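K.L.:
predicted model, plus sequence, below.
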Amino acid sequence: MAPYLLFLLHLLLVFSATTTNAAAAAVTISPTSSPPSAPTPSSSPISSSTLDPKQLRALQSLNIPTSKDPCTPPPHPSAAAASPPPKTTCDSAAPFRHLLSLTLSDCSDDVALSLTALKSLSTLTSLTFNNCHVTPIHFPSELTSNLRSFTCINSLNKLTGVWLSRLQNLTELTVSRVSITASGPSIILANMKLLHSVTLSQTNLSGYLPKHTWHPNLTSVDFSVNHLRGKIPISITRLENLAHLNLSSNSLNETIPTTIGDLTSLQNLSLSSNALVGPIPESLAALPELTHLDLGSNQLNGTIPKFIRDMKNLKYLNLENNNFHGVLPFNSTFIKGLHVFKVGENSNLCYNHSSFGPKVKLGIAPCDKHGLPVSPPPAKDTDPDGAGDGSGDDDYENVQEKKHHSGPSKVVLGVAIGLSSVVFIIIFLVLLSKCCR
């Protein structure tokens, strides 16, 4: 009996273990069972963003597309988006961060500025509009007070000088390809005491250059491609920190200030496409750091000064389309050291043939023995496509040679005349003898 009971007890234990394992397996693999539910995180972009919720709502109210967290923009924004997300930088404040810079590019038609939203973005120190044709509004005082950099390129439709002048704490101002209504740059710059760099290019700006509103912190001034007129004021040459000066493509006249050499930090000087007259100031010799000198397309005259060839850092030199005369004071070694050299369209300027190779093409004539340009040859009717291709210098070199080879030599001509005379005399004598018979 005892063995039988032990056998039953063993079967009972095996059955219990099998049942327990099957139940456990059913819990693990049952397709109808559900794992314990975990708390679902909120899908709200505000709750998951490190940016101040007020600023995030401000961006959304402006219809500016934003990533889940504007302070950490996605590495690969969607190409299908109507307007790309803005480029931003934020501070490191906690628990919420704040915008320091905002760049809006290629804005959609839905983007619109509002005073309430801009008040919430008053922590911005840098604001950029690039291809954003939205209507400008008055910035709140908190924002204008904090802004240090403002850039507007082909954006904001039309601006006024008064609107820009309110940004008084800027250190950098860039406006390009935007029409500005103002009587001149002075109204914009007068109260910007902290300004380091100013670019007002292609803005239809008219009037005169400021006489007294140049601030000593300026390192870069670009007023190119406008309608500015009058002379270049001497006051601009007192900016000892100025490294870049671009006044090209305006209507400036009179002479270049003789004190231009006082700009001892100057590296880039562009005064091309104006109506400047007179000689190149000798004071330019005091600018050893100059790398870019563009005086082309003016009415400058006199001789080209020799000190230019001593400017060791010079890489760009444009003197074309002026009224310079005399002998070009450069040699081939100097010109080969330049990246760009233009001197053509100076009809009274010539170069010393011995200083250059036989195939040099400078756009000016070589000099004769009197230091005057060799007269150009007559225009060629058989090769109209060759005009203006720089081959004129080769023609200048061959003018005298062509003169010596343009027709029969004197010896051949004399022999021909002599033989003709002998034949004529023989014929005359034959005819005369027949008449006397």
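P.N.:
Good, I have the coordinates. Residues are numbered from 1 along each chain as shown.
K.L.:
burial check on Lys312, number of neighbours?
P.N.:
10 (other Cβ atoms under 10 Å). For every residue, glycine as well, the C-beta is placed using N, CA and C.
K.L.:
ok, and the closest non-adjacent residue to it?
P.N.:
Among residues not flanking Lys312 along the chain, Pro288 sits closest, at 7.4 Å (Cβ to Cβ, 6 or more residues apart in numbering).
K.L.:
for that neighbour, grab the count of nearby residues.
P.N.:
Counted with other Cβ under 10 Å, Pro288 comes out at 12.
K.L.:
would you quantify the distance from it to Asn331?
P.N.:
20 Å (Cβ to Cβ, to the nearest Å).
K.L.:
helix or strand with the lowest mean pLDDT in the chain?
P.N.:
helix 399-404 (a mean of 42; mean pLDDT, DSSP states H and E).
K.L.:
tell me the helix or strand right after that helix.
P.N.:
Sequence order places helix 410-436 as the next helix or strand after helix 399-404, per DSSP states H and E.
K.L.:
for that following helix, the distance to its chain's centre please.
P.N.:
Taking the mean of its C-alpha atoms, helix 410-436 sits 79 Å from the chain's own mean (Cα atoms, centre = their mean, to the nearest Å).
K.L.:
likewise stretch 195-203?
P.N.:
With Cα atoms, centre = their mean, you get 13 Å for stretch 195-203.
K.L.:
and Ala416, how many neighbours does it have?
P.N.:
11.
K.L.:
okay, buried residues for stretch 60-67 please.
P.N.:
62-67 (16 or more other Cβ atoms under 10 Å).
K.L.:
surely Ser248 meets Leu271?
P.N.:
Yes. In this structure, Ser248 is within contact of Leu271 by Cβ atoms under 8 Å, at 6.3 Å.
K.L.:
now for these two: what residues contact both?
P.N.:
Common neighbours of Ser248 and Leu271, using Cβ atoms under 8 Å, 6 or more residues apart in numbering, are Asp294.
K.L.:
and the closest residue to Ser206 other than its chain neighbours, what is it in contact with?
P.N.:
Nearest residue to Ser206, sequence neighbours excluded (Cβ to Cβ, 6+ apart): His227, at 4.3 Å. Shown in contact with His227 (Cβ under 8 Å, 6+ apart): 204-206, 250-251.
K.L.:
give me the number of residues near Glu240?
P.N.:
By the other Cβ under 10 Å criterion, the neighbourhood of Glu240 contains 12 residues.
K.L.:
Asn250 too?
P.N.:
By the criterion of other Cβ under 10 Å, Asn250 has 23 neighbours.
K.L.:
from Leu328, how far off is it?
P.N.:
The spacing between Asn250 and Leu328, counted by Cβ to Cβ, is 28 Å.
K.L.:
kindly report the same for Ala58.
P.N.:
From Ala58 over to Leu328 the distance is 62 Å, taken as Cβ to Cβ.
K.L.:
do the same with Asn298
P.N.:
For Asn298, the distance to Leu328 - Cβ to Cβ - is 18 Å.
K.L.:
again with Leu317
P.N.:
11 Å.
K.L.:
identify the residue nearest Asp110 in space, chain neighbours excluded?
P.N.:
Asn63 (4.2 Å).
K.L.:
go on, Arg229?
P.N.:
Ser251 (4.3 Å).
K.L.:
give me the number of residues near the one you found?
P.N.:
Counted with other Cβ under 10 Å, residues neighbouring Ser251 total 13.
K.L.:
which residues sit in contact with it?
P.N.:
227-229, 274-275.
K.L.:
partner strands of the longest strand along the chain, parallel or antiparallel?
P.N.:
Counting residues, the longest strand found in the chain (DSSP state E) is strand 99-105. Using DSSP bridges, the strands paired with strand 99-105 are strand 87-90 (antiparallel), strand 126-130 (parallel).
K.L.:
so what touches the longest one?
P.N.:
Applying Cβ under 8 Å, 6+ apart, the set of residues contacting strand 126-130 from outside is 87, 89, 100-107, 143, 147-156.
K.L.:
show me which positions of the longest strand of the chain end up buried.
P.N.:
Buried residues in strand 99-105 (16+ other Cβ under 10 Å): 99-105.
K.L.:
determine which two of these are furthest apart.
P.N.:
Leu100 and Ser105 (17.5 Å; Cβ to Cβ).
K.L.:
low pLDDT regions in this protein?
P.N.:
For the chain, the stretches with pLDDT under 70 are 1-48, 73-85, 358, 376-412, 436-437.
K.L.:
can you give me the helices in it?
P.N.:
Using DSSP state H, the helices of the chain run over residues 2-29, 45-48, 53-61, 115-120, 141-146, 161-165, 186-189, 332-336, 392-397, 399-404, 410-436.
K.L.:
check the burial of the closest residue to His325 other than its chain neighbours by counting its neighbours.
P.N.:
Distances taken as Cβ to Cβ, 6+ apart place Asn348 nearest to His325, at 3.7 Å, with adjacent residues excluded. As a burial measure, Asn348 scores 15 neighbours (other Cβ under 10 Å).
K.L.:
can you check Leu164 too?
P.N.:
21.
K.L.:
dump the residue contacts of it.
P.N.:
Each residue near Leu164 by Cβ under 8 Å, 6+ apart is listed here: 173, 175, 180, 182, 188.
K.L.:
sweet, I'm off.
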